[in-house]
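K.L.:
missing the sequence, but the structure's below:
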């Protein structure tokens, strides 16, 4: 994992928010064939939604990682098809919608589909 952070309310309470990168070649399953790819993942506390924070953070991290990892050819993100705000945020950060991944991840006791962005 490249990095992550959390947000504090200034009163000592830390709220769970993060942004992180996962290079695909660190997986035990991979043989290192995917060194050119990484996935960006972010979670933002509800009260910070709609303020452009995630979009700004994604832009910063994407620019930094593409500079730090010159071998990287694909920076990917996967977003639930119902999460329109996050899809717009990724597009504002320069990502392009690529495909729909059916039954891609498990959440709330059901299989969900997500959009892939690069």
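P.N.:
Received, thanks. Computed from a predicted model, the values in this text were never measured in an experiment.
K.L.:
Give me the phi and psi for residue 61.
P.N.:
phi -70, psi -40 (degrees, to the nearest 10).
K.L.:
how near is it to residue 55?
P.N.:
11 Å (Cβ to Cβ, to the nearest Å). Any C-beta I mention is one placed from the backbone N, CA and C, and that applies to glycine too.
K.L.:
again, but for residue 95
P.N.:
Using Cβ to Cβ, we find residue 95 at a distance of 10 Å from residue 55.
K.L.:
So these two - more neighbours on which side?
P.N.:
It is residue 95, of residue 95 and residue 55, that has more neighbours when counted by other Cβ atoms under 10 Å, with 22 against 19.
K.L.:
Point out where the protein drops to low pLDDT.
P.N.:
In the predicted model, the chain carries pLDDT under 70 at residues 1-18, 21-34, 101-115.
K.L.:
Repeat the analysis, applying 90 as the threshold.
P.N.:
By pLDDT under 90, the low-scoring segments of the chain are 1-54, 56-58, 60-83, 97-118.
K.L.:
excluding its backbone neighbours, what's nearest residue 36?
P.N.:
Of all residues not flanking residue 36 in the chain, residue 73 sits nearest, at 4.0 Å (Cβ to Cβ, 6 or more residues apart in numbering).
K.L.:
Likewise for residue 40?
P.N.:
Counting by Cβ to Cβ, 6+ apart, the residue nearest residue 40 is residue 77, at 5.0 Å.
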